[in-house]
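Asks: Attaching a predicted model along with its sequence, questions to come.
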Amino acid sequence: MDWKQEWKPLAAIVAVFTACYYLPIDWLRQSQRVENALWESLHLVKWYAQEHVILCLIPAFFIAGAVGVFVSQAAVMKYLGPQAHKPLAYGVASVSGSILAVCSCTILPLFAGIYRMGAGLGPASAFLYSGPAINILAIVLTGAVLGPQMGVARAVGAVAFAIVIGLCMHLIYRKEEQAKIEAAALMSEPPVTRPLWQNALYFGSMVGILVFANWGRPAEEQGLWYAIYEGKWVFSSLFAVALALILVAWFNIGKVRMLMAAAPVVVLALAVPQHPTLAFVAGAIGLSVLLTTGKDESGELNEWFSTSWDFAKKIMPLLLIGVLVAGALLGRPEQEGLIPSAWIAGLVGGNSLWANLFASVVGAFMYFATLTEVPILQGLIGAGMGKGPALALLLAGPALSLPNMLVIRSIMGTQKTIVFVALVVVMSTLAGMIFGAFF
């Protein structure tokens, strides 16, 4: 028996057994808070399934699968690999969120796609942080609701954090990065099957669908952002039509088959325009059928679907488990879980190290959908939260969540996940303290 290896499962079994042995069933039965936590976890997972799986995760899985099939590993290594031109790699990765505007869970399939294709740990980590953190609409909303100083601090902090966190991850694991550089040197340039501009339009059409289908409702019903929100399904439809034309023209999908796949989408969009999600689901099913049936001599369409499905199988269960746990512990906005909201509001007043650290840690574990962090913080500030801890939560919260951490661990391992989370928490804490000292 090798106890150096076996002590971990033994300790886990003993811990679970001890918890079961002393399980306070009578107290649990009498506790209203435990019952509320159960309902909150179910409410949160239902809300997550309704609001994020169809419009966020499904297109993200298709994009991640496409990255794995249609973007060559050599290209990823060239622009995002450990030997890539640093200003270009970190510059692209750190501002990607301004285009994607996704939440901490939707970024995961995209991160997994580029990381497995050989992207350097530094640029990939910068991309992972920036995706949900640098959302132009969220930053504008932050400035409008919480004040211009907070909006500017969030924008500057998010871009700077993405670069610094990426560089720190690269330096901490530079030996592994060196191995990637040596592997890249042996990698031959694959033949080009499709010009770069065609791939750019192809990915742009899918990113356009992802961005506009998830465009959040602004606080004020006027201005450019609201106009885009009002027309979000028109924009999404235009990008969907562009994707259909690209698949017919460059991916050898027959016109008749494409029309048959598009017909249910058009019918549902016209028949029930008040429920655009139905047409969106029909489009996703139609695309899946097109990719898995018909003649595909190169096999790339079938491989695209298989890769997307592989991401979905590995990521979805962890996300749903994480959302259930997060809902039980922290509840939903204005609804409490096991941890009372008053405890949180009372612990983040002032600008002490503890208040900023606590805000960073709570923000890192709590799940925020895109834009929801602003009204939550507005309520917490009204309850006495300091501006420094508020910024700390803004910088840590949207980029991380418990479900997000579970999936990151499955992609890059426990140690790297802990280091990444620790960097986000520490830097958010420091940024909050500095901001709180001046404002």
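Replies: The structure has been received and is ready for your questions.

Asks: what's the burial count for V241?
Replies: 12 (other C-beta atoms under 10 Å). Every C-beta, even on glycine, is put in place using the N, C-alpha and C of the backbone.

Asks: Please apply the same query to L196.
Replies: 9.

Asks: Next: K232.
Replies: Around K232 there are 18 residues (other C-beta under 10 Å).

Asks: same deal with the one 10 residues further on?
Replies: The tally of other residues near A242 (other C-beta under 10 Å) stands at 17.

Asks: Make 8 the starting number, not 1.
Replies: Got it, first residue is 8 now, which makes that one A249.

Asks: which one is it nearest to, not counting chain neighbours?
Replies: S212 (4.4 Å; C-beta to C-beta, 6 or more residues apart in numbering).

Asks: got the contact list for whichever strand or helix holds A366?
Replies: Taking DSSP states H and E as the criterion, A366 maps to helix 360-372. With C-beta atoms under 8 Å, 6 or more residues apart in numbering as the test, helix 360-372 has contacts from 333, 336-337, 351, 354-356, 392-393, 395-397, 399-404, 407-409, 412, 428, 431-433, 435-437, 439-440, 443.

Asks: Same question for stretch 325-340.
Replies: 43-45, 47-52, 54-56, 64, 112, 115, 344-346, 348, 369, 372-374, 379, 382-383, 386, 408-414, 417.

Asks: Pull out the buried residues from those residues.
Replies: Applying 16 or more other C-beta atoms under 10 Å to the contacts of stretch 325-340, the neighbour count classes 43-44, 47-48, 51-52, 55, 64, 112, 115, 344-346, 348, 369, 372-374, 379, 383, 408-414, 417 as buried.

Asks: Looking at those residues, which are in helices?
Replies: Using DSSP state H to define helices, the subset of these located there is 43-44, 47-48, 51-52, 55, 115, 348, 369, 372, 383, 409-414, 417.

Asks: can you give me the helices in the stretch 208-357 of the chain?
Replies: 230-237, 239-257, 262-278, 283-299, 307-337, 348-354 (DSSP state H, counting those that start in this stretch).

Asks: one step back: relative to helix 307-337, how tilted is the helix holding A366?
Replies: 140 degrees (axes from the mean of the first three to the mean of the last three C-alpha atoms, to 10 degrees).

Asks: Can you give me the buried ones in helix 360-372?
Replies: For helix 360-372, by 16+ other C-beta under 10 Å, it's A362, N363, L364, F365, A366, S367, V368, V369, G370, A371, F372.

Asks: And I121, how close does it get to A162?
Replies: Distance, I121 to A162, using C-beta to C-beta, to the nearest Å: 24 Å.

Asks: nope, L294 is what I meant
Replies: For L294, the distance to A162 - C-beta to C-beta - is 35 Å.

Asks: try V41
Replies: Counting by C-beta to C-beta, the separation of V41 from A162 is 41 Å.

Asks: and the helix or strand hosting A207, what's its mean pLDDT?
Replies: Taking DSSP H and E as the definition, A207 sits inside helix 203-220. Helix 203-220 comes out with an average pLDDT of 87.

Asks: what sits up against it?
Replies: 62-63, 66-67, 69-70, 73-74, 77-78, 106-109, 113, 235, 239-240, 242-243, 245-247, 249-250, 253, 257, 287.

Asks: which non-adjacent residue is nearest A73?
Replies: W311 (5.8 Å).

Asks: ok, now P66?
Replies: That would be L217: by C-beta to C-beta, 6+ apart, it lies 4.3 Å from P66.

Asks: could I have stretch 343-362 exported to CSV, CA atoms only?
Replies: Once non-C-alpha atoms are left out, stretch 343-362 reads as follows in CSV (Å, rounded to 0.1, in the frame of the first residue of the first chain):
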residue,chain,number,x,y,z
GLU,A,343,-30.9,34.6,0.9
GLY,A,344,-29.2,31.2,0.9
LEU,A,345,-27.4,29.6,3.9
ILE,A,346,-25.2,32.7,4.3
PRO,A,347,-27.3,35.7,5.5
SER,A,348,-27.0,38.8,3.3
ALA,A,349,-26.8,40.9,6.4
TRP,A,350,-23.5,39.2,7.3
ILE,A,351,-22.1,40.0,3.9
ALA,A,352,-23.3,43.7,3.9
GLY,A,353,-22.0,44.1,7.5
LEU,A,354,-18.5,42.7,6.6
VAL,A,355,-17.8,44.9,3.6
GLY,A,356,-18.3,48.4,5.2
GLY,A,357,-15.3,50.8,5.2
ASN,A,358,-12.1,50.1,3.4
SER,A,359,-10.1,47.7,5.5
LEU,A,360,-8.0,44.8,4.2
TRP,A,361,-10.6,42.4,5.6
ALA,A,362,-13.5,44.2,3.9
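
Asks: CSV please, covering the buried residues of helix 360-372 and showing pLDDT.
Replies: Below are the buried residues of helix 360-372 laid out as CSV (pLDDT from 0 to 100):
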residue, pLDDT
A362, 89
N363, 90
L364, 92
F365, 89
A366, 88
S367, 91
V368, 90
V369, 86
G370, 85
A371, 87
F372, 85
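
Asks: For these, work out which two are farthest apart.
Replies: For the buried residues of helix 360-372, the maximum inter-member distance is 16.4 Å, found between A362 and F372 (C-beta to C-beta).

Asks: before we move on, back to that, among the contacts of helix 360-372, which ones are buried?
Replies: Looks like these have 333, 336-337, 351, 354-355, 392-393, 395-397, 399-404, 407-409, 412, 428, 431-432, 435-437, 439-440, 443 buried, using 16+ other C-beta under 10 Å.

Asks: picking up where we left off before, next, count neighbours for the residue nearest to P66.
Replies: L217 has 24 nearby residues by other C-beta under 10 Å.

Asks: how near is it to F68?
Replies: 11 Å.

Asks: Could you do A22 as well?
Replies: 35 Å.

Asks: For those two, indicate the residue with more neighbours.
Replies: F68 (27 against 10).

Asks: Show the pLDDT at the more buried one.
Replies: Reported pLDDT for F68: 85.

Asks: Can you tell me the element it falls in?
Replies: Per DSSP H and E: helix 65-77 holds F68.
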